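S.K.: Test case, fold it:
(one chain, ligands or ions: 1)
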Amino acid sequence: MSASKETEGAVAVITIRNPPVNALSQQAVESILKVLKEVQFDPAVKAIVICGENGKFSAGADIRTFENIGQKSDSLSHFLEDVNSMAEKSEKPVIAAIEGVALGGGLELALGCHYRVAHVKARLGLTEVLLGIFPGAGGTQRLPRLIGLLPALEMITTGKIVFAPVALKLGLIDSVTEDNTIKAAIHFAQNVIGKPLESRRLCTKPIQCPPNMETIFNDSKIKLKKLFHGAISHQLCVEAIRAAVQLPFAEGILKERELLFSIFNSEQARDQAKARQYAFFAERRVTKWTTPSGANWKSASPHPIGVAAVIGLGTMGRGIVVCLAKAQIQVIAVEQDGKQLEMGRKAVTKILERETLTMQQRGLALMSDSFGSITFTLDFNSLKNADLVIEAVYENMALKKEIFKQLSSICMPEAFLCTNTSGLNIDEIASVTGRPHLVIGTHFFSPAHIMKLLEVVRGYHSSPTTISTVINLSKVLGKIGVVVGNCPSFVGNRMMGPYLHQAIFLLEDGCYPEEVDKVLEEFGLAMGPFRMSDLVGLDVGWRSRMESGLTGPKLLPGALVRQREGKRYSPLPDILCEKGRFGQKTGRGWYQYETVGGRNAVPDPWVQNFLHDYRKAHTIKQKPTSQNEILEWCLYPLINEGFNVLEEEIASGPEDIDVIYNNGYGWPRHMGGPMFYASMVGLPKVLTKLEVFYENNPDIPSLKPSGLLKKLVKQGSPPLKEWRSQLGYQNSKL
Ligand SMILES: CCCCCCC[C@H](O)CC(=O)SCCNC(=O)CCNC(=O)[C@H](O)C(C)(C)COP(=O)([O-])OP(=O)([O-])OC[C@H]1O[C@@H](n2cnc3c(N)ncnc32)[C@H](O)[C@@H]1OP(=O)([O-])[O-]
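M.R.: Next up is the predicted model:
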């Protein structure tokens, strides 16, 4: 953890060293400050270049030290701003040579420099808000002075990262190079020696403000509230930028620090920051998978995938083709029906055109010819060229088995065979192949080219190389792969089950869909259970319930309307489907929509009357339910299932579950994930509530408190990071 100095002619090059990403710990910052002071007084030095070791400028303040945030944050912010200010005030030109990343405090340091030279692939951003804080070393005061109020507002309040070419257009950097950045910066420095620096000092620069500033700030706060569901740091960013506009620079810096401090003094804001930082590290932790046999992310080597095939060009298949092509992988897209193939080809082309346009708008030179080539074909034999095949046909075990049998004989013996099933048994699918060790589940989330999550479902025989290859592929696709065990519905969908059932029981008991959705959306979920069901399509669950005999022709005669095998059952979604209300796709579901396929959910008086009549017909007394009760009734059963998943060793740890929910199910990051949320609420409280729920509803088994939850409470509710050590892994499905 140090900064060192070398000289090249009259230019001193200060290198930040703190592997792996040159994070700015207090020690690192002190060291930069010391070297910077030294070169200020060295008469041989006429210009200064600051760079980071190993091709990374700096990923900002050291997040690992944030755990004990509070007083310390003030000193770190102080120190970092001291460096920035010293660079800014220097009488010798200071140039930031930006390679890899300049994020958070790293970019703030670069903003303190007089000039910025970046490599074409470098990424820059003030990402603090994504960690529940905001730039605390002058970023909110300097960035608007450099690039203008509106672009700065957008970058700071959303944590948006831009590539160097876009940064150049914004005026964030002065030069982009495709060659050696440090050499380019030294050359740049030599050219500016002796030139006046006053106009390069951002602290002296006025901010160009549009006349309707107040409206801009107020609108921005409203937009952010909607977009980030009540996350406090986003709102505080606006206040700090307002200070940049209203106050002289030095006072703005003090205000920025005061606002940053207010985060640590508010319990809610502090918890949100903790949750976001936990989510950051959880995402890194899940990549370090391990199996009970001892194989792990370090010991298993992934195979590179040059050619991948996708079978089935429905919604999921199309999205998977797009993300493979975007990652420059050659794709073979197979359908069995000519019409479906043509529809799939058109849809994929349209998405790729949209993606190209978006990339171009973001200033990235990604053109359609930099996508991997796609061959659309009806010929199954073309699969013989694929390194990896992803089957994405509809959820039918017989069909999937038929396909895997064919794959086993057509594909190269070393080809990996993946299924995009969202809940079927991987081992049963693998059993029809001659290579079960190369079979694995790759559960993508819709839309597959956008959603970041990939549940990697390990079958009993899936080899470490197979796991490693698919996890590596998830990285190549820009996704987060989480290894989970093989059980019905795996992790995410399995936990959704009790949540959705409970939401429907609330309707029977007196609530309305919009009431339940509102509570969960105010909590921060991207969509409440009913809007989400309408989006997915109510017919999906209906077909599976018919298949398993819970409703429809296979239902045993004499079954009670609201009970199945002694357990509470609600026929409400079945009745809606029988009436052709499948959700958005039919323009009617739990809500009504302006058109078939419309997205704007409007409460439907028909549903209200229907629920009213239903309760009357079944003599159900309408119970008043408070907002808090709605939240607990929906979330606690979901969390309880999470503990069951951990106890059965379907997920390696609470972090895995939380990463799945944050990236696949629209869980608000400032709540960390369901398991983190449980730890914040307090395990004894969750347990007590579940005990009461179950006692009053013994016919709802998912309310029965999980053994692991009880065990943890008995042990005094250890912190979440210790839960893993309570898991035995004797019967691990991982
Ligand atoms: C609270 C008071 C603050 C007051 C002062 C304010 C100053 C400032 O305004 C605040 C900040 O800068 S806030 C900061 C704002 N900065 C950000 O938000 C940037 C956050 N970082 C990133 O976005 C990504 O990590 C990168 C894009 C840098 C690299 O992505 P990639 O290539 O896919 O690699 P990867 O796998 O992701 O990371 C590799 C390893 O590095 C580790 N690590 C990373 N950053 C770290 C950090 N800052 N620190 C420590 N460690 C950090 C990471 O955990 C991992 O460790 P592991 O043990 O091997 O698992």
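S.K.: Which one of the residues in the stretch 601-734 of the chain is closest to the ligand?
M.R.: Proximity to the ligand, evaluated over the stretch 601-734 of the chain using CB to the nearest ligand atom, is greatest for residue 655 at 11.9 Å. Heads up, the C-betas are built off the backbone N, CA and C, glycines and all.
S.K.: count of residues packed around that residue?
M.R.: When counting by other CB atoms under 10 Å, one arrives at 26 neighbours for residue 655.
S.K.: who's in contact with it?
M.R.: Residues counted as contacts of residue 655 (CB atoms under 8 Å, 6 or more residues apart in numbering) are 281-282, 285-286, 673, 675.
S.K.: Tell me the most packed of these, by neighbour count.
M.R.: Counting neighbours by other CB under 10 Å, residue 673 comes out on top of the contacts of residue 655 with 29 neighbours.
S.K.: Isn't that one up against residue 659?
M.R.: Yes: in this structure residue 673 lies within contact range of residue 659 using CB atoms under 8 Å: 7.0 Å.
S.K.: list residues touching both of these two?
M.R.: Common neighbours of residue 673 and residue 659, counting by CB under 8 Å, 6+ apart, are 279, 282.
S.K.: and the stretch 1-150 of the chain, which of its residues are near the ligand?
M.R.: Proximity of the stretch 1-150 of the chain to the ligand (CB under 6 Å from any ligand atom) is limited to residues 20-21, 23, 59-64, 66, 69, 73, 76-77, 80, 101, 103-105, 108, 127-128, 131, 133, 135-137, 139.
S.K.: Now intersect these with the strands, please.
M.R.: 101, 103 (DSSP state E).
S.K.: of the residues of the stretch 1-150 of the chain next to the ligand, buried ones?
M.R.: Buried by 16 or more other CB atoms under 10 Å: 21, 23, 59-63, 66, 69, 73, 76-77, 80, 101, 103-105, 108, 127-128, 131, 133, 135-137, 139, out of these.
S.K.: okay, and for the stretch 401-550 of the chain, where does confidence drop off?
M.R.: Applying pLDDT under 70 to the stretch 401-550 of the chain flags no residue at all.
S.K.: which stretches of it form strands?
M.R.: Applying DSSP state E, counting those that start in this stretch to the stretch 401-550 of the chain gives strands spanning 416-419, 439-444, 453-457, 480-484.
S.K.: now those strands as TSV including distance to the ligand?
M.R.: Below are the strands of the stretch 401-550 of the chain laid out as TSV (distance: least, CB to the nearest ligand atom, whole Å):
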stretch	distance to the ligand
strand 416-419	23
strand 439-444	20
strand 453-457	16
strand 480-484	10
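S.K.: With mean neighbour count and distance to residue 29 added, can I get these in JSON lines?
M.R.: Formatted as JSON lines, those follow (neighbours: other CB atoms under 10 Å; distance: least, CB to CB, whole Å):
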{"stretch": "strand 416-419", "mean neighbour count": "27", "distance to residue 29": "46"}
{"stretch": "strand 439-444", "mean neighbour count": "26", "distance to residue 29": "42"}
{"stretch": "strand 453-457", "mean neighbour count": "25", "distance to residue 29": "36"}
{"stretch": "strand 480-484", "mean neighbour count": "25", "distance to residue 29": "30"}
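S.K.: Ok, which of these comes nearest residue 223?
M.R.: Relative to residue 223, the nearest member of the strands of the stretch 401-550 of the chain by CB to CB is strand 453-457, separated by 25.7 Å.
S.K.: quick one, that closest one and strand 480-484 angle?
M.R.: 30 degrees (axes from the mean of the first three to the mean of the last three CA atoms, to 10 degrees).
S.K.: what lines up beside strand 453-457 in the sheet?
M.R.: When pairing is defined by DSSP bridges, strand 453-457 lines up against strand 439-444 (antiparallel), strand 480-484 (parallel).
S.K.: Kindly reformat those strands as JSON lines and extend each row with distance to residue 708.
M.R.: Converted to JSON lines, the strands paired with strand 453-457 look like this (distance: least, CB to CB, whole Å):
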{"stretch": "strand 439-444", "distance to residue 708": "24"}
{"stretch": "strand 480-484", "distance to residue 708": "16"}
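S.K.: Now do the contacts for residue 380.
M.R.: Residues near residue 380 by CB under 8 Å, 6+ apart: 334, 336, 406, 410.
S.K.: Excluding covalently adjacent residues, which one is nearest to residue 161?
M.R.: With sequence-adjacent residues excluded and distances taken as CB to CB, 6 or more residues apart in numbering, residue 161 is closest to residue 125, at 3.6 Å.
S.K.: give me the beta-bridge partners of the one you found?
M.R.: Legend: beta-bridge partners of residue 125 under DSSP bridges are residue 103.
S.K.: What confidence value was assigned to it?
M.R.: On the pLDDT scale, residue 125 is placed at 98.
S.K.: Let me see the contact set for it.
M.R.: By CB under 8 Å, 6+ apart, the contact list for residue 125 reads 102-104, 107, 155, 159-162.
S.K.: Nearest to the ligand among those residues?
M.R.: residue 104 (2.4 Å).
S.K.: List the contacts of the nearest residue to that closest one once chain neighbours are set aside.
M.R.: Distances taken as CB to CB, 6+ apart put residue 60 closest to residue 104, at 2.6 Å, once the chain neighbours are dropped. Contacts of residue 60 were listed using CB under 8 Å, 6+ apart, and they are 23-24, 103-108, 127-128.
S.K.: What helix or strand is the residue in the stretch 201-350 of the chain that the ligand sits nearest to located in?
M.R.: Across the stretch 201-350 of the chain, the shortest distance to the ligand (CB to the nearest ligand atom) belongs to residue 284, at 3.9 Å. Following DSSP states H and E, one finds residue 284 within helix 267-285.
S.K.: Report the mean confidence score over that helix.
M.R.: Rounded mean pLDDT across helix 267-285 is 95.
S.K.: With only the CA atoms kept, save that helix in CSV.
M.R.: Output in CSV follows, covering the C-alpha atoms of helix 267-285 (Å, rounded to 0.1, in the frame of the first residue of the first chain):
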residue,chain,number,x,y,z
GLU,A,267,-29.9,4.9,11.1
GLN,A,268,-32.0,4.3,7.9
ALA,A,269,-29.3,5.8,5.6
ARG,A,270,-26.6,3.9,7.4
ASP,A,271,-28.5,0.7,7.0
GLN,A,272,-29.0,1.3,3.3
ALA,A,273,-25.3,2.0,2.8
LYS,A,274,-24.5,-1.2,4.7
ALA,A,275,-26.9,-3.1,2.6
ARG,A,276,-25.4,-1.8,-0.7
GLN,A,277,-21.9,-2.5,0.4
TYR,A,278,-22.9,-6.0,1.5
ALA,A,279,-24.5,-6.5,-1.9
PHE,A,280,-21.2,-5.4,-3.6
PHE,A,281,-19.1,-7.9,-1.7
ALA,A,282,-21.8,-10.7,-1.9
GLU,A,283,-21.5,-10.5,-5.7
ARG,A,284,-17.8,-11.0,-5.5
ARG,A,285,-18.2,-13.8,-2.9
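S.K.: What segments of the stretch 301-450 of the chain are helices?
M.R.: 315-326, 338-361, 397-410, 426-430 (DSSP state H, counting those that start in this stretch).
S.K.: can you list the residues that contact the third one?
M.R.: What it means is helix 397-410. Counting by CB under 8 Å, 6+ apart, 311, 380-381, 383-384, 389, 391, 393, 415, 417, 419, 421, 424-425, 428-430, 432-435, 439 sit against helix 397-410.
S.K.: Likewise for the shortest one?
M.R.: Taking contacts as CB under 8 Å, 6+ apart, the residues outside helix 426-430 that touch it are 397, 400-401, 404, 417, 419, 421, 436, 439-441, 457-462, 486.
S.K.: redo that, cut-off 7 Å
M.R.: 397, 400-401, 404, 419, 436, 439-441, 457, 459-461, 486 (CB atoms under 7 Å, 6 or more residues apart in numbering).
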